[in-house]
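Asker: Can you look at this prediction? I've put the sequence above it.
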Amino acid sequence: MTVKHTLSVLVEDEAGVLTRIAALFARRGFNIESLAVGSAESSGVSRITMVVPGDNRTVEQLTKQLYKLINVLKVQDVTGTPCVERELMLIKINATTSNRAEAIELAQVFRARVVDISEETLTIEVVGDPGKMVAIIKMLGKFGIRELARTGKISLVRDSGVNTELLKTLELKV
């Protein structure tokens, strides 16, 4: 069964590492649905967080192939692991004086911030898990989306081991 896997990859911070990883995926015909790269906790090390579709066997093979690349230090499939996941999105919507208050109120429900305003548009900054992004896009869609930019998911394993997704399902049952 194909599911979306989140891979956290620590690499040496050197030119060409990301190109080699992308080439590895391209050669095998795999799509990277989300990609975020930035400095990690150690100097000279970057963390690449990517979301890739595939079954468990395929992702295991990709992990083995990633380890064969010289600059790859650690690969972790954090898909089934309790994690803190976040994404940043900027969304520009149509907003006139007649509907601006409704759009701002809706943004506040999602704890989003208005970062730019014009006579015809609002630009809203949203930070949260990928599910929140989908929900706010759906709700703001009625205003007309002019532009949208997303960073891609970043993720760190929860040392507490608390699975917030499990807690959400328990809250719904109560």
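Answerer: Thanks, I have the structure now. A quick note: this is a predicted structure, and the numbers were derived from the prediction, not measured. Numbering: from 1, shown residues only.
Asker: mind listing what's buried in stretch 59-76?
Answerer: 59, 62, 63, 65, 66, 71, 72, 75 (16 or more other Cβ atoms under 10 Å). C-betas here are computed from N, CA, C, even on glycine.
Asker: Backbone torsions only: list them for residue 155.
Answerer: Taking degrees, to the nearest 10, you get phi -150, psi 140 for the backbone angles of residue 155.
Asker: Just give the number of residues close to it.
Answerer: When neighbours are defined as other Cβ atoms under 10 Å, residue 155 has 24 of them.
Asker: Quick check, pLDDT for it.
Answerer: Residue 155 carries a pLDDT value of 91.
Asker: try residue 164
Answerer: So residue 164 comes in at 63 (pLDDT).
Asker: For the protein, which segments count as strands?
Answerer: For the chain, applying DSSP state E gives strands covering 3-12, 34-39, 45-54, 72-77, 83-94, 113-117, 121-128, 145-150, 154-157.
Asker: which two in the buried residues of stretch 59-76 are spaced the farthest apart?
Answerer: Pairwise distances among those were taken by Cβ to Cβ; the largest, 20.1 Å, belongs to 59 and 71.
Asker: Run through the neighbouring helices and strands of the longest helix belonging to the chain.
Answerer: The residue-count maximum for a helix in the chain (DSSP state H) belongs to helix 56-68. Other elements packing on helix 56-68 under the criterion 3 or more Cβ pairs under 8 Å, 6 or more residues apart in numbering; DSSP states H and E are strand 3-12, helix 17-27, strand 45-54, strand 72-77.
Asker: could the buried residues of stretch 59-76 go into TSV alongside distance to residue 133?
Answerer: Putting the buried residues of stretch 59-76 into TSV (distance: Cβ to Cβ, whole Å) gives the following:
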residue	distance to residue 133
59	23
62	25
63	26
65	30
66	27
71	31
72	28
75	25
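Asker: ok, how many other residues are close to residue 151?
Answerer: Look at residue 151: counted by other Cβ under 10 Å, it has 17 neighbours.
Asker: Might you report the residue contacts of the closest residue to it other than its chain neighbours?
Answerer: Counting by Cβ to Cβ, 6 or more residues apart in numbering, residue 151 lies nearest to residue 88, which is 4.4 Å off, once chain neighbours are set aside. Residues near residue 88 by Cβ atoms under 8 Å, 6 or more residues apart in numbering: 125, 126, 127, 150, 151.
Asker: Report pLDDT for residue 88.
Answerer: Value for residue 88, per-residue pLDDT: 96.
Asker: picking up where we left off before, could I get the strands of the chain in a markdown table, plus columns for distance to residue 135?
Answerer: Compiled in a markdown table, those are given as follows (distance: least, Cβ to Cβ, whole Å):
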| stretch | distance to residue 135 |
| --- | --- |
| strand 3-12 | 17 |
| strand 34-39 | 17 |
| strand 45-54 | 18 |
| strand 72-77 | 26 |
| strand 83-94 | 11 |
| strand 113-117 | 16 |
| strand 121-128 | 9 |
| strand 145-150 | 14 |
| strand 154-157 | 19 |
